[in-house]
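# 3D, please:
(2 chains)
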Amino acid sequence: MSKIVEGLLYSGSHEWVMVEGETAVIGITDFAQKSMGNIVYVDMPDEDDEVTKDEEFGAVESVKAASDLYSPVSGTVAARNEALEDEPGLLNSDPYANWIIKVKMSDPSETASLMDAAGYGEFLDKQA
Amino acid sequence: MMEPEMETLKKTCLYDSHIALGAQMSPFGGYMMPIQYSDIVQEHNAVRMHCGMFDVSHMGEIFISGPDAGAFVNHIFTNDVAKLRPGQAQYGMMLYPEGGVVDDLLVYMMPQPETWLLVVNAANIAKDDGWIRSAASGWNVTVDNRSEEYGQIALQGPESEKIAVRALGMELSDLVFYTFKEVRFADGAVIASRSGYTGEDGFEFYSSPDIIRKIWDALLAAGVTPCGLGCRDTLRFEVGLPLYGHELGPDISPIEAGLGIFVKCDKPEFIGRDAVMALKASGPLRKLVGIELEDKAIPRSGYPVEADGRQIGEVTTGYSSISTGKSVCMAFVETPFAAAGTQLGIRIRKKVFPGKVCGKRFYDKKYRK
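Residues are numbered from 1 along each chain as shown, chains lettered A, B, ... in the order given. Sure, this is the predicted structure:
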């Protein structure tokens, strides 16, 4: 079973979002890290880069494959988690404690289309 | 490309064991094959540090026999089998007359008179069989594709010789790399060959499906790590060994791929010789090189290689090397960019990552010569 954390929002492409005012903290879910296997590289955008909802903003790479990351919201990159450059495996060991980017949202109402923990749980059940 | 339907995919004689071991299975070369059992990094390191085993029963076994067998094999093969004695093997290629590669293969000179064993890639078995048969017209040889009758296990890693004695009762210390002998196991005949595709010492065992299952179970019981095709690829890549469909193919010359030492143009004749001689004279327009990136972004098959603001090549295989941690790849680049140290970039998604040309061996081979 994949772990799901209450209080976060979730996208269908397996990113989680923690809303802090106008900032969205974004990471990947336990389901995502498990299906990837050993993560060896995280490709993150630079600070001040624009990201667009449902469009690719980076990638997570295992030994065998690259998996694109899709932004759950639109806005500007406020921070990137530099710790992942040296230790990409943090996403495997605790995907919810290790965010990837923080986005200053241009339209916070976009988060309305994301799932809550219960909704994401049902979403995963349907995929199984 | 669409994968073939499940129904048409073949199973090797070890399929049930892979399922019982919980392997992640995926289509490869027309077979359902184990990609990994537990973890690709653990399996890779088991082979580098200790010992691992691979089900490679998907590989094809084609026998050539008859009065013309030796001369015919030398006619279709780029290496020179006239130099072999029974019990020795050679690596080389079969070429089209235009110089592209039909397949790369191992040729074994069998102890039985006038008998040669060709071990070919799974995806190419039918093509190779057809190619060899059409080339055999007018030669006094029999071509016998016995791929379905043979299973194959590769036991690879520095502890292979010790494990073969302990788990299989096989004394193989008399074999050096690229030699083989026939041994017995569980009352069956086994070809034991000191060879492999990992850059480590090791053996490849060919036998009937029944005996292959018994060898597999004996090795499992001895604690040998089962390894999937995932780490077979990372292992062969690190030591610069080519994979057909990536570094070799119908539109790639072995000269471009840097495999000229396996093409013996001092032989008076073989299929593709004229094309190889012509390309050697004119110089290849592209060459296979190694590239090491400064960043940790991973170059993968098909990604463009760029220099002077344009695409000058393409990645054939790339990884974050498990043994060294470096982001490296093999790539075909235009010849003017192929010199060691040349600065170039690889486009990975939206960005171009800087790197430089280096050797194709990212890790040293440890064969027992």
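# for the top strand by length along chain B, buried residues please.
The residue-count maximum for a strand in chain B (DSSP state E) belongs to strand B:310-320. Neighbour-count burial for strand B:310-320 flags B:312, B:313, B:314, B:315, B:316, B:317, B:318, B:319, B:320 (criterion: 16 or more other Cβ atoms under 10 Å in any protein chain shown). (Glycine included, C-beta is placed from N, CA and C.)
# please name the nearest non-neighbouring residue to residue 50.
Just so you know, I chose chain A. Excluding the flanking residues, the one nearest residue A:50 by Cβ to Cβ, 6 or more residues apart in numbering or on different chains is residue A:76, at 6.0 Å.
# that's the other chain; I wanted chain B
Among residues not flanking residue B:50 along the chain, residue B:159 sits closest, at 5.1 Å (Cβ to Cβ, 6+ apart).
# what's the longest strand of chain B in contact with?
Contact partners of strand B:310-320, identified using Cβ atoms under 8 Å, 6 or more residues apart in numbering or on different chains, comprise A:40-41, A:61, A:63, B:233-234, B:237-238, B:243, B:246-247, B:286, B:288, B:291, B:296, B:298-306, B:326-334, B:337, B:344, B:346-347.
# just the buried residues from those, in ChimeraX please.
Entered in ChimeraX, the line below selects the buried ones among the contacts of strand B:310-320, by 16+ other Cβ under 10 Å:
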select /A:40,41,61,63 /B:233,234,237,238,243,246,247,286,288,291,296,298,299,300,303,304,305,306,326,327,328,329,330,331,332,333,334,337,344,346
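# please verify my assumption that residue B:288 contacts residue B:254.
No. Look at residue B:288 against residue B:254 with Cβ atoms under 8 Å: they stay out of range, at 9.9 Å.
# pLDDT for the buried residues of strand B:310-320 - can I get that in CSV?
CSV is the format used below for the buried residues of strand B:310-320 (pLDDT from 0 to 100):
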residue, pLDDT
B:312, 98
B:313, 98
B:314, 98
B:315, 98
B:316, 98
B:317, 98
B:318, 97
B:319, 96
B:320, 93
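# and which of the residues you listed is nearest residue B:74?
Set against residue B:74, the nearest of those by Cβ to Cβ is residue B:316 (29.0 Å).
# let me see the residues that make contact with stretch B:232-246.
With Cβ under 8 Å, 6+ apart as the test, stretch B:232-246 has contacts from A:63, B:40, B:44, B:47-48, B:54, B:56, B:101, B:103-104, B:121, B:123-124, B:156, B:197-200, B:248, B:257, B:259, B:288, B:290, B:301, B:316-317, B:319, B:321-324, B:330, B:359-365.
# wait, doesn't the residue nearest to residue B:50 sit right on residue B:51?
Yes. Contact criterion Cβ under 8 Å: residue B:159 and residue B:51 qualify, at 4.1 Å.
# now the helices for the chain?
Answering for chain A, as no chain was given. For chain A, the helices defined by DSSP state H cover A:30-36, A:83-86, A:90-93, A:117-127.
# hm, I was asking about chain B
B:15-20, B:40-49, B:69-76, B:125-135, B:160-168, B:209-221, B:229-238, B:273-282.
# beta partners for the closest residue in space to residue B:110 that isn't next to it in sequence?
Once flanking residues are discounted, residue B:110 sits nearest to residue B:117: 5.7 Å by Cβ to Cβ, 6+ apart. Note on residue B:117: beta-bridge partners by DSSP bridges are residue B:63, residue B:108.
# which residues touch residue B:117?
B:61, B:62, B:63, B:64, B:107, B:108, B:110, B:191.
# now for the fourth one: which residues touch it?
In other words, residue B:64. Contact analysis of residue B:64 by Cβ under 8 Å, 6+ apart lists B:72, B:73, B:115, B:116, B:117, B:118, B:132, B:141, B:142, B:143, B:144.
# chain A: which of these is nearest?
Chain A lies nearest to residue B:118 out of the contacts of residue B:64, by Cβ to the nearest Cβ, at 30.2 Å.
# on that earlier part again, chain B: which of the helices of chain A is closest?
Nearest of the helices of chain A to chain B, taken as Cβ to the nearest Cβ: helix A:83-86 at 7.4 Å.
# and that closest one, what other elements does it pack with?
Packing partners of helix A:83-86 (3 or more Cβ pairs under 8 Å, 6 or more residues apart in numbering or on different chains; DSSP states H and E): helix A:90-93.
# contact partners of the helix it packs on?
The contact list for helix A:90-93 (Cβ under 8 Å, 6+ apart) reads A:27-28, A:33, A:36, A:38-39, A:42, A:60, A:83-84, A:97-98, A:100.
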